[in-house]
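Visitor: What follows is a predicted structure for the sequence shown.
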Amino acid sequence: MYFITYVSDVEHIIVLGILALLFISGIRKREDSCTNRLALDLNVTTALKGVACVFILMGHYETIMHSRGYSNVRSIGWLIWLTSANIALFWFMFISGYGLTKSNKKVCINNVCSRLAKVYLPLLYIGTVSILFYVVLPAPYSQDDMNRYMIPIQIQQLGTFDISCLYSIVYKALGLGDWYVMCIIVFYLLFYISDFISEKTKLSITLVLGTTLLLYFIFAYIFIDAQHAHYFRYPWVFFAGHVLARWEYLSKKRMLRYMLALLPFISIMITDGKYMWLSFFIAYSTLVCIMKLNTKYTYSGRSLAFLGIVSYFFYLVHQRISWVALYYGHIFDLSVWIISTIIISYSLMYIYKRIFE
């Protein structure tokens with residue numbers, strides 16, 4: 001049993017309640033007929049992205065609270081800290097694999113570059129904006145504050161600029177340390193390579209992609225340390241999204257084979273502990289239930305749709321800019337962080353689209 005032990009637990013419950021209410025109130029019966037056994041339309045994926053970006057922020061908030069000693073074992077916040085970000089990242093990776101498979105775009109240089117640009121250019125844009133923002137900020141109050149509040153070291157480096165710090169600053173501006181975006185780019189590239197091989201050899205795209213991701217997984221597991229486990233933790237989630245996107249095209253026998261092919265990927269989670277397993281179980285079972293319901297119902301609400309549209313910028317901004325701003329304003333409130341991130345992410349996305357699109 002989990003207990004409410006401090007004020008942010010109440011905020012977590014309120015935020016989760018609001019998200020659930022917004023999602024349930026936006027469910028409508030589909031006007032078009034759907035004969036598929038499973039479905040995941042654009043409206044539903046957009047709403048899920050909106051929920052997921054808030055989940056990531058909640059998880060990061062609890063990471064900070066935990067480092068400050070405010071997160072008690074068996075509290076609601078403690079459970080959020082252990083599960084919410086993992087659930088959200090599962091959804092994002094799954095939707096990426098599902099959506100890319102369903103897009104059915106022909107593999108060509110223009111399509112590949114366009115897709116990768118949509119992922120990387122916003123990261124470069126936000127990374128550059130964040131560095132410009134850091135320039136005007138004073139140095140953090142202490143090294144301990146930087147560690148406990150997850151404040152980027154580049155702020156201190158810019159305050160006492162030295163040529164030796166240039167690499168770190170440029171690295172931050174380019175966003176090369178963002179493992180999630182780097183993983184998505186790698187998975188997209190592997191998908192396009194697999195699609196190209198499949199087209200030339202007439203082999204199943206699912207078979208080729210599964211083999212390619214497995215080779216990547218083995219390489220990443222051997223050469224990447226446990227501190228960066230995310231790089232080899234999520235290939236199977238992307239693959240699961242791809243497999244379920246092709247559900248209608250595969251026989252039950254072949255589907256069973258491909259689902260069993262996920263086992264080498266999943267086995268690595270044995271070392272991740274019960275809460276990682278719990279997170280992935282919740283995320284996967286929730287998605288399957290939603291996909292089943294989506295055959296008869298869809299989502300038509302505006303609030304989560306809006307949040308889903310800005311979700312990528314929300315993710316890029318929430319820690320780089322909005323949390324840093326709150327830190328210097330001595331505001332450490334979950335609700336304020338969510339609201340400020342929505343405002344900042346929408347504003348920066350609007351400017352980005354006006355200039356670059």
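Guide: Sure thing, it's come through. Everything quoted here is computed from the prediction, not taken from an experiment.

Visitor: how much space is there between the spatially most central residue of the chain and residue 59?
Guide: Nearest to the mean C-alpha position of the chain, counting by C-alpha atoms, centre = their mean, stands residue 89 at 3.9 Å. Per C-beta to C-beta, to the nearest Å, residue 89 is found 9 Å from residue 59. In short, each C-beta sits where N, CA and C put it, glycine included.

Visitor: Any stretches of the chain with poor pLDDT?
Guide: 1-7, 33-35, 67-74, 105-107, 140-141, 248-273 (pLDDT under 70).

Visitor: Okay, strands next: where are they in it?
Guide: Ranges of strands in the chain, per DSSP state E, are 27-29, 297-299.

Visitor: other SSEs contacting the last one?
Guide: It refers to strand 297-299. Contact partners of strand 297-299 among helices and strands, from 3 or more C-beta pairs under 8 Å, 6 or more residues apart in numbering; DSSP states H and E: strand 27-29, helix 42-67.

Visitor: For the residue lying closest to residue 294 once chain neighbours are set aside, grab the count of nearby residues.
Guide: Leaving aside its sequence neighbours, residue 294 sits nearest to residue 39 (C-beta to C-beta, 6 or more residues apart in numbering; 4.2 Å). Residue 39 is flanked by 20 other residues according to other C-beta atoms under 10 Å.

Visitor: Run a quick check on residue 39 versus residue 291, I expect a contact.
Guide: Yes: in this structure, residue 39 is within contact of residue 291 by C-beta atoms under 8 Å, at 6.0 Å.

Visitor: related to what we said a few turns ago, buried deepest among the helices and strands packed on strand 297-299, which one?
Guide: helix 42-67 (a mean of 22; mean count of other C-beta atoms under 10 Å).

Visitor: mind checking how far it is from the chain centre?
Guide: Its chain's C-alpha centre and that of helix 42-67 lie 8 Å apart, by C-alpha atoms, centre = their mean, to the nearest Å.

Visitor: Could you do stretch 296-307 as well?
Guide: 19 Å.

Visitor: Tell me which residues of it come out buried.
Guide: 297-299, 301, 303-305, 307 (16 or more other C-beta atoms under 10 Å).

Visitor: closest to residue 14 among these?
Guide: Each of the buried residues of stretch 296-307 was scored against residue 14 by C-beta to C-beta, and residue 303 proved nearest at 15.1 Å.

Visitor: Now the closest one: closest residue in space, sequence neighbours ignored.
Guide: residue 22 (4.9 Å).

Visitor: returning to that earlier point: columns distance to residue 329 on top of the helices and strands packed on strand 297-299, output as TSV?
Guide: Shown next, in TSV, are the helices and strands packed on strand 297-299 (distance: least, C-beta to C-beta, whole Å):
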stretch	distance to residue 329
strand 27-29	38
helix 42-67	15
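
Visitor: which residues touch residue 28?
Guide: Residue 28 sits next to 297-300 when contact means C-beta atoms under 8 Å, 6 or more residues apart in numbering.

Visitor: Need the max-distance pair from those.
Guide: Among those, the pair separated by the greatest distance (C-beta to C-beta) is 297 and 300, at 9.7 Å.

Visitor: Pull up the overlap in contacts between those two.
Guide: Residues touching both residue 297 and residue 300 by C-beta under 8 Å, 6+ apart: 27-28.

Visitor: which one among the buried residues of stretch 296-307 gets closest to residue 50?
Guide: Within the buried residues of stretch 296-307, the smallest distance to residue 50 is 3.1 Å, found for residue 307 (C-beta to C-beta).

Visitor: In contact with that closest one, which residues are there?
Guide: Applying C-beta under 8 Å, 6+ apart to residue 307 gives the contacts 49-51, 53-54, 314, 342.

Visitor: how close does the residue nearest to residue 303 get to residue 317?
Guide: Here residue 22 is placed at a distance of 21 Å from residue 317 (C-beta to C-beta).

Visitor: More neighbours: those two, which one.
Guide: residue 317 (27 against 19).

Visitor: Who are the contact partners of that one?
Guide: By C-beta under 8 Å, 6+ apart, residue 317 lies in contact with 126, 341, 344-345, 348.

Visitor: Tell me how many other residues crowd residue 134.
Guide: 22.

Visitor: wait, it sits on residue 154?
Guide: Yes: contact criterion C-beta under 8 Å: residue 134 and residue 154 qualify, at 5.7 Å.

Visitor: Right, I'll leave it there.
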